[in-house]
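Peer 1: Quick one, fold the following:
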Amino acid sequence: MSKKNKPVFFVDRALGRRSVAEALRKAGATVEIHDDHFPPEALDVEWLPVVGKHGWLILTKDDAIGRRVLEQMAVAASGARVFVLYSANLTGPEMADIFVAALSSMQRFSQGNSQPFIAKVYKRGLVRGWQSRTQLLKLLKSR
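Peer 2: Got it, this is the predicted structure:
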């Protein structure tokens, strides 16, 4: 992947400011952090559209983004690409290790799947689709 096409990973506030971002940067990823762009209390429905429109790959452990209608609609309307860590009861370094292990899988997934989408990232770096473009856009049209 050329530097020009290198994705930017947006680390949601739920993942913290340091461990995940630093580990991804060490692995060669370009990373943006929630608190550098939004107030700490910003609601998901406020930042999701902005980040989605930037085209950044969103990393979070907040699976409510894939379960709440307003968040799903924000993902759908903005064309966001979201990766949700499946196991939320982990330390910062453990989350960092999982996202680093999944780095190339997330990049491939984002290239091979039309946006918007929500995918899950599992402990060994495995990435699986959760909500596809079709599902999310259908939800958006039904409102």
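Peer 1: mind checking pLDDT for P116?
Peer 2: The predicted local confidence for P116 comes out at a pLDDT of 96.
Peer 1: Now do the same contact list for it.
Peer 2: Applying CB atoms under 8 Å, 6 or more residues apart in numbering, one finds that P116 lies in contact with 52, 75-76, 78-82, 133, 136-137. All C-beta spots, glycine's among them, are computed from the backbone N, C-alpha and C.
Peer 1: Against S78, how distant is the closest residue to A23 other than its chain neighbours?
Peer 2: In space, and not counting its chain neighbours, A23 is closest to A96: 3.5 Å by CB to CB, 6 or more residues apart in numbering. According to CB to CB, to the nearest Å, A96 stands 26 Å off from S78.
Peer 1: Tell me which of the two has more neighbours.
Peer 2: For A96 versus S78, neighbours defined as other CB atoms under 10 Å are more numerous around A96 (23 against 20).
Peer 1: would you say the more buried one is within a helix?
Peer 2: Yes - for A96, which was evaluated using DSSP: H, G, I helix; E, B strand; the rest coil, the result is membership in a helix.
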